[in-house]
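Engineer: let's see this in three dimensions:
(one chain, ligands or ions: 1)
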Amino acid sequence: MVAWSEHTHMNIGIVCYPTFGGSGVLATELGKALADKGHNIHFITYRQPVRLTGFSANIFYHEVHVPTYPLFDYPPYESALASTMVDVIRNNHLDLLHVHYAIPHAAAAYMAKRIAAQEGTHIPVITTLHGTDITLVGKDKTYAPVVTFSINESDAITAVSENLRDETFANFRIGKPIEVIHNFVDVRRFDKKPIDAFRKVIAPQGERIILHASNFRKVKRIDDVVRIFAGIRKQLPSKLLLVGDGPERPMAEDLVRQLGLCDDVRMLGKQQDMEDIFVISDLFLLPSEYESFGLAALEAMAAGVPVVASDAGGIPEIVTPGSNGELAAVGDVESMASMAVSILGEDEVLEAYRKGARAQAQRFDIGSIVPMYEALYERCLGMESAIIP
Ligand code: GMT
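Structural biologist: Purely as a prediction, here's the structure:
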């Protein structure tokens, strides 16, 4: 059998959330990388994904419109999404659909696949599980039967970490293999010179710069971020940058005021050019309750920024204590603060961690991970019977 990549490029539909979350970022970066390799990429989302900027000849964007109607308290997004998928399949010779985040994308893809099949077109569906679609929202009994069914109906399932694969098997009855394809980072993008003027504005006296970036949801434990910083600041002149926005932001603002940290904490809100922020930073904090992976931590490492994080979920698959960061139990704010101080206290120590961080990011470089998805697509297109039990 001739591998697809040897004779043709694929037409791939990518479905994801267009927001700042890691799953949408990863899906968009994957689509862009595949387009660079000559594949035609059709993004199907309700809004232009935040990382989908600029023009590429073989990237196409199909917006899902969800018409409202007085009868609808809840406009049926899943039906609109499935119908848009069918339209894209019909008109663009799609070879396969790759959906990121199971809810509701895997169920909508199942519906689109069945409609296409009735019209004589076979479209394999690949579902990539990202984290909260399994560990938080997905296992809620409101969604679990549909999530279980639609994951099982996918032609291939991937998880972004070994931990997430294990969590999926532990929480759902899944009757087929789940392939782990770790998240990736384009290391070259983060290999940038820091903008000195920017660093000076943030840390005029040469203070250490600590960074946290997330969607400010409960699972991120933003209060721990602020308390860890308070602990660091007692021992080292330092500044905290908080990037992102979400429900926990007002609580974080209150805590910053309560702890008298206003002069040393800056909330930057949602940011597009994260690489410029990463490269001026000295340490990234990720004390989450759970992370299937922690893509922001990997991006930090690519910029040479070590990570202090909780020993939760898939984080230990990327953070190696003593080399590129340190880990402590969820909620152990004191340990995380003292680990941070030991990394940041001496220039030589920080430099060694920076080197370790860059080396670790290299292992998850886009150049080695994206071919794993291409190989999976080829298997789905050439050997479906071997994949579907
Ligand atoms: O962290 C979130 O709540 C957002 C969520 C998402 O779907 O965007 O992130 C999940 O997927 C990311 C990309 O695979 C992972 O890096 C995050 O660790 C994961 N979040 C959680 O597991 C909490």
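
Engineer: can you list the domain ranges for this protein.
Structural biologist: Taking automatic domain parsing as the reference, the chain has its domains at 4-183+366-382, 187-363.

Engineer: near the ligand, which residues of this protein?
Structural biologist: Applying the criterion Cβ under 6 Å from any ligand atom, the portion of the chain that neighbours the ligand consists of 21-24, 26, 101, 130-132, 160, 183, 215, 217, 219, 290-295. For the C-beta atoms, the positions are set from N, CA and C on the backbone; glycine is no exception.

Engineer: before we move on, the earlier item: possible to save the domains of the chain as a markdown table with mean neighbour count and mean pLDDT?
Structural biologist: Converted to a markdown table, the domains of the chain look like this (neighbours: other Cβ atoms under 10 Å; pLDDT from 0 to 100):
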| stretch | mean neighbour count | mean pLDDT |
| --- | --- | --- |
| domain 4-183+366-382 | 19 | 93 |
| domain 187-363 | 19 | 96 |
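
Engineer: picking that back up, just the ones of the residues of the chain next to the ligand in helices?
Structural biologist: Gly22, Ser23, Gly24, Leu26, Thr132, Leu295 (DSSP state H).

Engineer: what's in contact with stretch 35-47?
Structural biologist: Applying Cβ atoms under 8 Å, 6 or more residues apart in numbering, the contact partners of stretch 35-47 are 9-19, 24, 28, 31-32, 34, 49, 52, 56, 58-66, 77, 81, 84-85, 88, 92, 94, 370, 374.

Engineer: now for the helix or strand that Val146 is a member of, which elements pack on it?
Structural biologist: The secondary structure element spanning Val146 is helix 144-152 (assigned by DSSP states H and E). Counting contacts by 3 or more Cβ pairs under 8 Å, 6 or more residues apart in numbering; DSSP states H and E, helix 144-152 packs against helix 102-118, strand 125-129.

Engineer: what sits against the residue in the stretch 51-200 of the chain positioned nearest to the ligand?
Structural biologist: Of all residues in the stretch 51-200 of the chain, Gly131 sits closest to the ligand, at 2.5 Å by Cβ to the nearest ligand atom. For Gly131, the set of contacting residues under the criterion of Cβ under 8 Å, 6+ apart consists of Gly22, Ser23, Val160, Leu164, Tyr290, Glu291, Ser292, Phe293, Gly313.

Engineer: ok, now with 6 Å
Structural biologist: Applying Cβ atoms under 6 Å, 6 or more residues apart in numbering, we find Gly131 in contact with Ser292.

Engineer: got phi/psi on it?
Structural biologist: Gly131 adopts backbone torsions of phi 160, psi -90, taken as degrees, to the nearest 10.

Engineer: and Pro177, how far is that from Ala102?
Structural biologist: 16 Å (Cβ to Cβ, to the nearest Å).

Engineer: thinking again about what came up before, could the helices and strands packed on helix 144-152 go into TSV alongside distance to Lys270?
Structural biologist: Putting the helices and strands packed on helix 144-152 into TSV (distance: least, Cβ to Cβ, whole Å) gives the following:
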stretch	distance to Lys270
helix 102-118	23
strand 125-129	24
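
Engineer: figure out which of the ones you listed is closest to Ile277.
Structural biologist: Go through the helices and strands packed on helix 144-152 one by one with Cβ to Cβ and the one that ends up closest to Ile277 is strand 125-129, at 26.6 Å.

Engineer: can you give the strand pairings for the closest one, parallel or anti for each?
Structural biologist: With DSSP bridges as the criterion, the sheet partners recorded for strand 125-129 are strand 96-100 (parallel), strand 156-159 (parallel).

Engineer: ok now the longest one, how far from the chain's centre?
Structural biologist: In this view, strand 96-100 has its centroid 16 Å away from the chain centroid, taken as Cα atoms, centre = their mean, to the nearest Å.

Engineer: what's in contact with that strand?
Structural biologist: Contacts of strand 96-100 from elsewhere in the structure, counted by Cβ under 6 Å, 6+ apart, are 12-16, 23, 27, 105-106, 109, 123-128, 377.

Engineer: same thing with stretch 162-175?
Structural biologist: Taking Cβ under 6 Å, 6+ apart as the rule, stretch 162-175 contacts Leu129, Ile134, Thr135, Lys139, Thr148, Asn152, Ala159, Ile178, Val180, Ser292, Gly313, Gly314.

Engineer: could you redo the last one with a cut-off of 7 Å?
Structural biologist: 129, 131, 134-135, 139, 147-148, 151-152, 159, 178, 180, 292, 313-314, 317, 389 (Cβ atoms under 7 Å, 6 or more residues apart in numbering).

Engineer: next one: stretch 120-130
Structural biologist: The set of residues external to stretch 120-130 that reach it, using Cβ under 7 Å, 6+ apart, is 22-23, 89, 94, 96-102, 106, 109-110, 113, 116, 151, 154-160, 164, 168, 292, 376, 380-381, 384.

Engineer: and stretch 223-243, by the same measure?
Structural biologist: When contacts are defined by Cβ under 7 Å, 6+ apart, stretch 223-243 is touched by residues 202-203, 205, 207-213, 251-252, 255-256, 259, 261, 264-268, 271, 277, 281, 285, 287, 331, 333-334, 336-337, 340-341, 344-345.

Engineer: now swap in stretch 245-258 and tell me
Structural biologist: By Cβ under 7 Å, 6+ apart, the residues outside stretch 245-258 that reach it are 215-218, 220, 222-223, 226, 242, 262, 265, 269-270.

Engineer: out of the residues you listed, which sit inside strands?
Structural biologist: In strands, judged by DSSP state E, the following of the contacts of stretch 245-258 are found: Leu242, Val265, Gly269.

Engineer: export those as a markdown table, with columns for distance to Lys193.
Structural biologist: Supplementary listing: the ones in strands among the contacts of stretch 245-258 in a markdown table, determined by distance: Cβ to Cβ, whole Å:
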| residue | distance to Lys193 |
| --- | --- |
| Leu242 | 24 |
| Val265 | 26 |
| Gly269 | 24 |
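
Engineer: quick one: which of those residues is nearest to the ligand?
Structural biologist: Closest approach between the ones in strands among the contacts of stretch 245-258 and the ligand, by Cβ to the nearest ligand atom: Leu242, at 15.3 Å.
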